[in-house]
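Q: Below is the sequence, then the predicted model.
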Amino acid sequence: MNRMIFFILASVLSLSFFTFTEATAEEKIWVSSTNAKLKADHSAASETVTRVAVGSELLVLSFENRWYHVSTVSGKKGWIYRGKVSNHPPDIQEQKKENALGEAFGDLGGSSIRADAADGSRSIRGLSAEAKEYARKSGKLTPSEKALDAVLSSQISNNQIEHFLKAGRIGEYAE
Amino acid sequence: MKIQKQTDRKHCFKKERRNFLKFAGSVLGILMTSPGCFAETVKTISPQDKPEKLQKAAKMARGAGDIVASSTELDYDSEFAIGEKLALEGFRRYGLPVEDQAIQKYVNLVGNAVARNANRPGIPYHFVLVQSPLYNAFSCPGGIIFISSAMMKSMRDESQLAGVLAHEVSHVGHKHALQSVRGAKFFEGVDKITRVMMKDKQREKAFQEMIRSLQTILFDQGLDKNMEFEADLSGMEAAYRTGYDPAGFINVLSMLQIKKDTAQKSGSWFLTHPPLNVRIEKCRDKMKDYPDARDLARVKRRFLSYQRRL
């Protein structure tokens, strides 16, 4: 009987303790996806409060229907979709270097960047910039080289991706 | 005797009470001193509500033999240049792009959508659908990703395409191909490939040897099976984070399993990837982390409208 009382008391105390810590823990999360935005409400259709870069630290205020209500380090509050965050900070050094690549091109998504930035390294495949220009004019690129140039020159913007996700009702655009 | 028993019980109860008070005191002590810190240790996670589980694969990835370690020294442009070299060989071996800009754009939209939520979102990704009867998909370092027309023809919805592309994106994110040749002579003391460096004949020769090794790995023998398992789980994670049903990837593996007896093996996923049954089992196990997967997007109609163009 005494043993039972002991366990009941221990359980009640433990339970209240867990509840207390869950409610009061100031949980931190980090932005882990590109093109992440804080929204005014837990809906992709709501107004954008601010954009948040990969690696930004956020403080969780609450969670509702796959959206986090968060506060930025500077105190801005808003909602962010769960797929855009992680519970650990990304590799900041690596991300900073690579984010700089992406941010230099504004809204343009990945595909546009390499078309310009890779030109220097493309000489490794055997074509100097001058030779490439000559080959392009004279049509002497091999079919593989033509194919690769076409692939690398394609452009997909973040806006196009957003519209695409919206049309498919995917992720934050799901109803 | 009865008194002795009562005394023993009293003593026992006192001992239990003392232990309980010690326990409660410790708990309260921790609670009063650093509740936040303790909460980090004990908090429980519901995958339905929180993304921690979404990151489980990424954590596993980081722990899986530290396979990312050595190639991180190579700068991105150099990594991409190696990828270009392999992509040229990819076109030669597997065929040229399907000549339909609309479907190429569609594949790029699906691929880039998942890439934004994958383990390396900061680099650009290029996806290309090539005309090929082989069931295949592969990725080159730096983010050039191939998928064959046969593979896309055999799929049933967009979540399946997203799953396969996310798997390939994850290989790029983890730098698996480069890790496979990390011991190559070419990489000794190299953190950047430059035009001047490539004028050195010995270095150029070492570069060509390294590229040949990579071709053999990517196109003939396949990556290490643990890298494939890692990309399976990371890819499912990226698809889930984007909002696609991660089971789409398992459905592709199941489809391939059905076709494996009749499909051409040489140069296909069947020879360059671990046994399908093992992968399916591991991926099914991972589905426990995604209890709301059934509510996520599969996008059948849009996918079929593009697939019909093939």
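A: Yep, that arrived.
Q: What ranges does chain A have for its strands?
A: For chain A, the strands defined by DSSP state E cover A:28-31, A:36-39, A:48-52, A:57-64, A:67-72, A:77-81, A:85-86.
Q: which of the ones you listed is buried the deepest?
A: Stretch with highest mean neighbour count among those: strand A:85-86 (a mean of 24; mean count of other C-beta atoms under 10 Å in any protein chain shown). Where you see a C-beta, it was placed from the backbone N, CA and C, and this is true even at glycine.
Q: pLDDT (mean, whole number) over that strand?
A: What strand A:85-86 shows for mean pLDDT is 94.
Q: cool, and stretch B:204-211?
A: On average, the pLDDT along stretch B:204-211 is 84.
Q: ok now it, how far from the chain's centre?
A: 28 Å (C-alpha atoms, centre = their mean, to the nearest Å).
Q: likewise stretch B:274-282?
A: Per C-alpha atoms, centre = their mean, the centroid offset for stretch B:274-282 relative to its chain is 15 Å.
Q: Can I get it as PDB, trimmed to CA atoms?
A: Taking Å, rounded to 0.1, in the frame of the first residue of the first chain, the C-alpha atoms of stretch B:274-282 are listed here in PDB:
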ATOM      1  CA  PRO B 274      21.700  -2.000 -53.300                       C
ATOM      2  CA  PRO B 275      19.000  -4.800 -53.300                       C
ATOM      3  CA  LEU B 276      15.500  -3.300 -53.600                       C
ATOM      4  CA  ASN B 277      14.000  -5.400 -50.800                       C
ATOM      5  CA  VAL B 278      16.500  -4.100 -48.300                       C
ATOM      6  CA  ARG B 279      15.900  -0.500 -49.300                       C
ATOM      7  CA  ILE B 280      12.200  -0.900 -49.200                       C
ATOM      8  CA  GLU B 281      12.300  -2.300 -45.700                       C
ATOM      9  CA  LYS B 282      14.400   0.500 -44.400                       C
END
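Q: that older thread, can you lay out the strands of chain A as CSV showing distance to chain B?
A: Listed next are these as CSV, based on distance: least, C-beta to the nearest C-beta, whole Å:
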stretch, distance to chain B
strand A:28-31, 7
strand A:36-39, 9
strand A:48-52, 13
strand A:57-64, 6
strand A:67-72, 8
strand A:77-81, 8
strand A:85-86, 5
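Q: what would those look like in JSON lines with distance to B:Asp232?
A: Listed next are the strands of chain A as JSON lines, based on distance: least, C-beta to C-beta, whole Å:
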{"stretch": "strand A:28-31", "distance to B:Asp232": "24"}
{"stretch": "strand A:36-39", "distance to B:Asp232": "25"}
{"stretch": "strand A:48-52", "distance to B:Asp232": "29"}
{"stretch": "strand A:57-64", "distance to B:Asp232": "28"}
{"stretch": "strand A:67-72", "distance to B:Asp232": "27"}
{"stretch": "strand A:77-81", "distance to B:Asp232": "24"}
{"stretch": "strand A:85-86", "distance to B:Asp232": "19"}
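Q: how far does stretch B:283-299 stretch from start to finish?
A: 21 Å (C-alpha to C-alpha, to the nearest Å).
Q: Enumerate the positions of that stretch that are buried.
A: Of all the residues in stretch B:283-299, those buried under the rule 16 or more other C-beta atoms under 10 Å in any protein chain shown are B:Cys283, B:Lys286, B:Asp289, B:Tyr290, B:Ala293, B:Leu296, B:Ala297, B:Arg298, B:Val299.
Q: cool, stretch B:253-265 as well?
A: Using 16+ other C-beta under 10 Å as the test for burial, stretch B:253-265 gives B:Leu253, B:Ser254, B:Met255, B:Leu256, B:Ala263.
Q: isn't there a strand covering the third one?
A: Put plainly, it is B:Met255. No. Assignment of B:Met255 by DSSP: H, G, I helix; E, B strand; the rest coil gives helix, placing it outside any strand.
Q: ok, for it, nearest residue in space, not its chain neighbours?
A: Distances taken as C-beta to C-beta, 6 or more residues apart in numbering or on different chains place B:Ser154 nearest to B:Met255, at 5.6 Å, with adjacent residues excluded.
Q: what's the neighbour count on the residue in the stretch 151-300 of chain B positioned nearest to chain A?
A: Closest residue of the stretch 151-300 of chain B to chain A, C-beta to the nearest C-beta: B:Gly243 (2.7 Å). Using other C-beta atoms under 10 Å in any protein chain shown, B:Gly243 has 27 neighbouring residues.
Q: what pLDDT does it get?
A: 97.
Q: got it, and B:Ser34?
A: So B:Ser34 comes in at 37 (pLDDT).
Q: pLDDT below threshold where in chain A?
A: Low-confidence segments of chain A, defined by pLDDT under 70, span residues A:1-26, A:92-139.
Q: pretty sure the residue nearest to B:Met255 contacts B:Asn136?
A: No. Using C-beta atoms under 8 Å as the test, B:Ser154 is too far from B:Asn136 to be in contact (11.3 Å).
Q: The two - which one has more neighbours?
A: Ranked by neighbour count (other C-beta under 10 Å), B:Ser154 and B:Asn136 place B:Asn136 first, with 26 against 17.
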